[in-house]
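[1] Quick one, fold the following:
(chains A, B and C)
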Amino acid sequence: MDHNLGQESVPADKSRVLNVKPLRTLVPVFPSPSNPSSSSNPQGGAPFVAVSPAGPFPAGVAPFYPFFVSPESQRLSEQHAPNPTPQRATPISAAVPINSFKTPTAATNGDVGSSRRKSRGRRGQLAEEEGYDNTEVIDVDAETEGGSSKRKKRAKGRRASAAATDGSGVAAVDVDLDAVAHDILQSINPMVFDVINHPDGSRDSVIYTLMIYEVLRRKLGQIEESTKDLHTGAKRPDLKAGNVMMTKGVRSNSKKRIGIVPGVEIGDIFFFRFEMCLVGLHSPSMAGIDYLTSKASQEEEPLAVSIVSSGGYEDDTGDGDVLIYSGQGGVNREKGASDQKLERGNLALEKSMHRGNDVRVIRGLKDVMHPSGKVYVYDGIYKIQDSWVEKAKSGFNVFKYKLARVRGQPEAYTIWKSIQQWTDKAAPRTGVILPDLTSGAEKVPVCLVNDVDNEKGPAYFTYIPTLKNLRGVAPVESSFGCSCIGGCQPGNRNCPCIQKNGGYLPYTAAGLVADLKSVIHECGPSCQCPPTCRNRISQAGLKFRLEVFRTSNKGWGLRSWDAIRAGTFICEYAGEVIDNARAEMLGAENEDEYIFDSTRIYQQLEVFPANIEAPKIPSPLYITAKNEGNVARFMNHSCSPNVLWRPIVRENKNEPDLHIAFFAIRHIPPMMELTYDYGINLPLKAGQRKKNCLCGSVKCRGYFC
DNA sequence: GATACTTCAATGCG
DNA sequence: CCGCATTGAAGTAT
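    Below you'll find the predicted structure:
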């Protein structure tokens, strides 16, 4: 019956289409071990507990993100937490059997390879015991160990071959991208797979999944662009990385579900469709409507679960709480335009409207920092209020669906709209104390804002955009730089700067760090390449419209009006370089809150054990930003940071040229506070006090130094 | 189960 | 800067 309906062209008589069975009890359409009734959910949505331990958020307050939950962190916070934050039940422990989260014992230190193998075996066993779908168990060797169902993709053979383009007679180099991907997956902390490999996602699993995807994507892109030759056509590292993740099962929430997706928070942003696919937010790789088929939903009707509105059709984005969404179809690349039909996604939306189902909405926007790309904003749960058919500009029938945002959810898309208004001067930014605290020292203004209390501003300091007084730093190896007149080009094996970075440019074409290795070698004063060279990213100054703002309990903090992609350079740590003795003295007396100390111990990037230790810096570096500094001096500490630092060495003949650069660890939505891990100074210096940490993260160590 | 089809991508070129 | 062709991969439909 439905089948027949689906075959019809757009009916003039809509009542026929809408002849839907009466609303029945909403049976969960996804497997859930518990809580089969959704009646307790005030929003009438899926019977999943709210994901965020901190929620619900009051209107107008952006959710606080870094709620990592992992066995490891649980343990840590239980042991240390001197300023106990209220212990909240985590969604994980509530939703799944405890024994599925046995903490890996041998896995966290020592030989990565052997612990991996052990861990993998244990996981396979675990999966059987728990009755999990074994195909979801992450096994990085899945392909090579011979899954016959994978042969189709395998046969394509991802291989980038590099001919010697520089005439130096170097033989062609073959790089097997699958092998590269495999190596990267092998280098991941096995604990991470234990978190990811679970039917229900968590904040951790989502963040880990996205982090791994980014590393894969950037690395594959870096290799491919440096080995370009016979390869024609579009390079799509986003698809390659995504496909690897899919085939290896490195993904979260692989079971499609209606309503909230555990671990994905409203306001989360994405830069590729595949990212949303991998975390279970929106599974089609291209299509705009995601839906459960009648078979999958165990119902007689398909039901919509999520939509992406990003300009592919003539949508009306409404006032921020309403969206007029166009149905799919009616466009065929060969046959041209036609009437849309009530089938597939359109049918699912129609049914969902009558059921009153939750529909997730993702809004795609042009990324102002990279106009060629898009940014996708997860805007939470909407309900379909109305549907109709209208004539599009093409003259053919198009389905339209009116969706209204469910009230009481954290702000997401409306933040973007507000910022746009500030940009257009259509509305003023409230609470501005200073329009530009850099006094023009940066290319973009950095405003000082307080809409929290009566503080008029931070203590006086002089704004300087970069490091000064480099005495105190031991000279680094002298270097004569490169002679890449038009800028260093990927694949140029003769460029000494590229050689110092292991044969690749350290930055992608989009300007992201391709790799999280410990030291980045940039071109410098002794290079002949222009300032626009891709290997001078940290020298271009601020790009983001940052603001220094008053936090509720941590003094002043730093955040950005612009979304920041994972891997993007944000700023350096400017200030005055001091020697160890002076740093010790100032630090010991807790006189200087603005010391950067490269020797502190950091817990960086637990996903990649090789990068956990502090970066290998050529020589210790101590910077004070108390009297002179830049925006970095306002970045607060967090035990679950969204920013990290890396040392950068710039090619310079005689002078030391070492800088501290901050990069985004993950995508950071606008107006979210930027934080990094200050690290721990051990042993404590005489007289030095630990400072209570107020980061609020589940992984909070309780203090920093 | 294999295969075809659909699809609000993402790139790079002109 | 934008229009266009090109290449693509998951999931659904057949």
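
[2] Surely A:F461 and A:T624 touch.
    No: here A:F461 does not reach A:T624: they are 10.6 Å apart, not a contact under Cβ atoms under 8 Å. For the C-beta atoms, the positions are set from N, CA and C on the backbone; glycine is no exception.

[3] out of those two, which sits in the busier spot?
    The residue with more neighbours, out of A:F461 and A:T624 and counting by other Cβ atoms under 10 Å, is A:T624; that gives 23 against 16.

[4] Write out the residues of chain A neighbouring DNA strand B.
    The interface of chain A toward DNA strand B, taken as Cβ under 7 Å from any atom of the strand, is made up of A:149, A:225, A:234-236, A:238, A:271-274, A:284-289, A:307-313, A:315, A:325-326, A:328-329, A:331-333, A:344-345, A:364, A:372-374, A:509.

[5] Tell me the first helix or strand C-terminal of the helix or strand harbouring A:D290.
    In this structure, A:D290 is located in strand A:289-292 according to DSSP states H and E. Read in the C-terminal direction, the helix or strand following strand A:289-292 is strand A:303-309, with elements assigned using DSSP H and E.

[6] what does that following strand contact?
    If you take Cβ atoms under 8 Å, 6 or more residues apart in numbering as the criterion, strand A:303-309 is touched by A:29, A:256-258, A:273, A:276, A:281-282, A:288-292, A:297, A:315, A:317, A:323, A:325, A:345, A:348-349, A:351-352, A:355, A:357, A:359-364, A:376, A:384, A:403.

[7] just stretch A:417-431 next, same as before
    Contacts made with stretch A:417-431 from outside it, assessed by Cβ under 8 Å, 6+ apart, are listed as A:G320, A:C447, A:V449, A:N450, A:D451, A:W561, A:P670, A:M671.

[8] that's a strand at A:F544, yeah?
    No: assessed with DSSP: H, G, I helix; E, B strand; the rest coil, A:F544 is coil; it does not lie in a strand.

[9] Can you report how many residues neighbour it?
    The burial count assigned to A:F544 is 23, neighbours taken as other Cβ under 10 Å.

[10] re the thing from before, filter the contacts of stretch A:417-431 to the buried ones?
    A:G320, A:C447, A:V449, A:N450, A:W561, A:P670, A:M671 (16 or more other Cβ atoms under 10 Å).

[11] could I get those as TSV with pLDDT and secondary structure?
    Putting the buried ones among the contacts of stretch A:417-431 into TSV (pLDDT from 0 to 100; DSSP: H, G, I helix; E, B strand; the rest coil) gives the following:
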residue	pLDDT	secondary structure
A:G320	93	coil
A:C447	97	strand
A:V449	98	strand
A:N450	98	coil
A:W561	98	coil
A:P670	98	coil
A:M671	98	coil
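
[12] max-length strand in chain A?
    When secondary structure is assigned using DSSP state E, the longest strand within chain A turns out to be strand A:374-391.

[13] follow-up on the earlier one: what lines up beside the strand holding A:D290 in the sheet?
    Each strand paired with strand A:289-292, and its direction, by DSSP bridges: strand A:303-309 (antiparallel).

[14] So what angle separates the directions of the partner strand and strand A:374-391?
    With axes from the mean of the first three to the mean of the last three Cα atoms, to 10 degrees as the criterion, the two stretches strand A:303-309 and strand A:374-391 enclose an angle of 110 degrees.

[15] in the following helix or strand past strand A:303-309, what counts as buried?
    In the C-terminal direction, the helix or strand that comes right after strand A:303-309 (DSSP H and E) is strand A:322-326. Taking 16+ other Cβ under 10 Å as the basis for neighbour counts, the residues of strand A:322-326 that come out buried are A:L323, A:I324, A:Y325, A:S326.

[16] Stretch A:497-506 too?
    Burial within stretch A:497-506, assessed by neighbour count using 16+ other Cβ under 10 Å, is assigned to A:C497, A:I498, A:K500, A:N501, A:Y504, A:L505, A:P506.

[17] Quick one: residues contacting the fifth one.
    With contacts taken as Cβ under 8 Å, 6+ apart, A:Y504 has the following neighbours: A:Q222, A:I223, A:S226, A:P490, A:I498, A:A514, A:D515.

[18] Now it, what are its backbone angles?
    Here the main-chain torsion angles of A:Y504 (degrees, to the nearest 10) amount to phi -130, psi 150.

[19] Quick one: residues in contact with the strand holding A:D290.
    For strand A:289-292, the surrounding residues in contact (Cβ under 8 Å, 6+ apart) are A:29, A:256, A:258, A:282-284, A:299, A:302-307, A:327-328, A:344-346, A:348-349, A:352.

[20] Please name the nearest non-neighbouring residue to the closest residue to DNA strand C within the stretch 551-700 of chain A.
    Closest residue of the stretch 551-700 of chain A to DNA strand C, Cβ to the nearest atom of the strand: A:D562 (15.6 Å). The spatially closest residue to A:D562, leaving aside those adjacent along the chain, is A:F544, at 4.6 Å (Cβ to Cβ, 6 or more residues apart in numbering).

[21] Look up phi and psi at that neighbour.
    A:F544 adopts backbone torsions of phi -90, psi 150, taken as degrees, to the nearest 10.

[22] lowest-confidence helix or strand of chain A?
    helix A:91-95 (a mean of 25; mean pLDDT, DSSP states H and E).
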